[in-house]
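Novice: sequence first, then the predicted structure:
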Amino acid sequence: MALSCGAKCAKGVLISFNLIFWLSGCALIAFGIFILIEEEKSTLFRLFQVDENYAHLQYLAFAFIGIGGLVFIVGFFGCCGAMQENKCMLVAYFIFLFIILGCELAVGVLAVVFQERGTSELEEKFKETLKTKYGLDPPITQAIDLAQTKFECCGVRDGSDYADSSWEAETERRKECEPHMLRVEERRSAWGLS
């Protein structure tokens, strides 16, 4: 049965959309793998570990890979279903689309609800790590130094985060913030964000 001009156009749009969807799935998978294997990122991962068995950013990387895999499969079903005009594949495609939409809505709501809690817990974790492990645990020290250099900061909020730290007690000196590390706080103050 020959397709009308409108049906051919809709088929072409569906194939194009799903090709982009499929490629974005490939990109998510590649990004997740990159996060896991890139050396600088793996050093920064040490800061996000609550303990050895609980690494937030590694889980995030695995989530990117998993979501990328799902998007990849959905794009495949959409492309093949549209090209072959296979109703079964198109039904599976639309079911997957609704599942993805539901997951996106749930994650969006959870992100808004738990944003403040997650930020404050992360800040407290960083402060605790800074006070108890900085200067004593070489991988953690390297990760903190890298983060401070990369993000041009000193401590979690400022240099006073080093007060009463194990490092300060061991070395009997305070962590001096380099001038470039203070720029971020100066900008935050100038913009009224402090």
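Specialist: Thanks, I have the structure now. Fair warning: this is a prediction, and the values are worked out from it, not measured in the lab.

Novice: can you tell me the helix or strand for A147?
Specialist: helix 138-150 (DSSP states H and E).

Novice: buried sites along that helix?
Specialist: Within helix 138-150, the residues that count as buried by 16 or more other C-beta atoms under 10 Å are 140-141, 143-144, 147-148. No exception for glycine: its C-beta is placed from N, CA and C like everyone else's.

Novice: quick one, strands of this protein?
Specialist: 49-51, 54-55 (DSSP state E).

Novice: quick one: mean pLDDT for the last one?
Specialist: Looking back up the chat, that one is strand 54-55. Mean pLDDT, computed over strand 54-55, is 55.

Novice: for stretch 116-136, same thing?
Specialist: Mean pLDDT, stretch 116-136: 77.

Novice: show me what counts as buried in it.
Specialist: 125-127, 129-131, 133-135.

Novice: how distant is that stretch from the center of its chain?
Specialist: 18 Å (C-alpha atoms, centre = their mean, to the nearest Å).

Novice: thinking again about what came up before, which of the buried residues of helix 138-150 lies closest to I65?
Specialist: Comparing those against I65 with C-beta to C-beta places A143 closest, at 22.8 Å.

Novice: so where's the chain shaky on pLDDT?
Specialist: Along the chain, the parts satisfying pLDDT under 70 run over 1-3, 39-57, 118, 169-194.

Novice: centre-most residue in it?
Specialist: Geometric centre of the chain, nearest residue: L60, 5.7 Å, by C-alpha atoms, centre = their mean.

Novice: how many neighbours does the nearest residue to that one once chain neighbours are set aside have?
Specialist: Ranked by C-beta to C-beta, 6 or more residues apart in numbering and with sequence neighbours excluded, the top spatial neighbour of L60 is I35, at 7.4 Å. The burial count assigned to I35 is 19, neighbours taken as other C-beta atoms under 10 Å.
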